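Asker: Compute the structure for the input listed below.
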Amino acid sequence: LGDWVLRAAAGFTGRANSVLPLGDPGLPLDATLAAVAQWYAERSLPAKIQVPLPLRADLDAALADHGWHRHDAVAVMVCDLDPLRMAVDPTPPTTAVFRPSSTRTSSSLM
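Answerer: Below you'll find the model as predicted:
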């Protein structure tokens, strides 16, 4: 729906069955919410919008003004993992590569 991604995954998880509002839906908010409600009703799912905060605080406030309420708040935390890994084990990770030795035959591997 414009820059909004309407997602449906058989009702298993809220995030996979919710709108991801990435930008402009291309319609006024009233029309957008009606289209969202209809799209999810056609799939027998409740209409949900995953609002990334604080990025879309404007949408969060507008949804509240339109009678929508927050449900199942989720905190998503991200960080660079290298500093965490180094705090636990400063040894850089290595990858072992194995190949058959030229002195061994396939019969000696059995």
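Asker: Could I get the full set of strands for this structure?
Answerer: For the chain, the strands defined by DSSP state E occupy 4-6, 19-21.
Asker: out of these, deepest packed?
Answerer: Highest mean neighbour count among those (mean count of other Cβ atoms under 10 Å): strand 19-21, with a mean of 20. Where you see a C-beta, it was placed from the backbone N, CA and C, and this is true even at glycine.
Asker: what about that strand, average pLDDT?
Answerer: Averaging pLDDT along strand 19-21 yields 95.
Asker: returning to that earlier point: include distance to residue 62 when you put the strands of the chain into a markdown table, please.
Answerer: As requested, those are exported to a markdown table (distance: least, Cβ to Cβ, whole Å):
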| stretch | distance to residue 62 |
| --- | --- |
| strand 4-6 | 13 |
| strand 19-21 | 10 |
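Asker: Check the residue nearest to residue 37 when sequence neighbours are not counted and give its pLDDT.
Answerer: Distances taken as Cβ to Cβ, 6 or more residues apart in numbering place residue 47 nearest to residue 37, at 4.7 Å, with adjacent residues excluded. pLDDT recorded at residue 47 is 95.
Asker: can you count the residues close to residue 47?
Answerer: 19 (other Cβ atoms under 10 Å).
Asker: Tell me how far it lies from residue 90.
Answerer: Counting by Cβ to Cβ, to the nearest Å, the gap from residue 47 to residue 90 is 49 Å.
Asker: same question, residue 63
Answerer: 46 Å.
Asker: Between the two, tell me which one has more neighbours.
Answerer: residue 63 (18 against 7).
Asker: And the worst-scoring helix or strand of the chain on mean pLDDT, what's buried?
Answerer: Of all helical and strand segments in the chain, the minimum by mean pLDDT, DSSP states H and E falls on helix 81-88, at a mean of 82. Neighbour counts over helix 81-88 (16 or more other Cβ atoms under 10 Å) mark no residue as buried.
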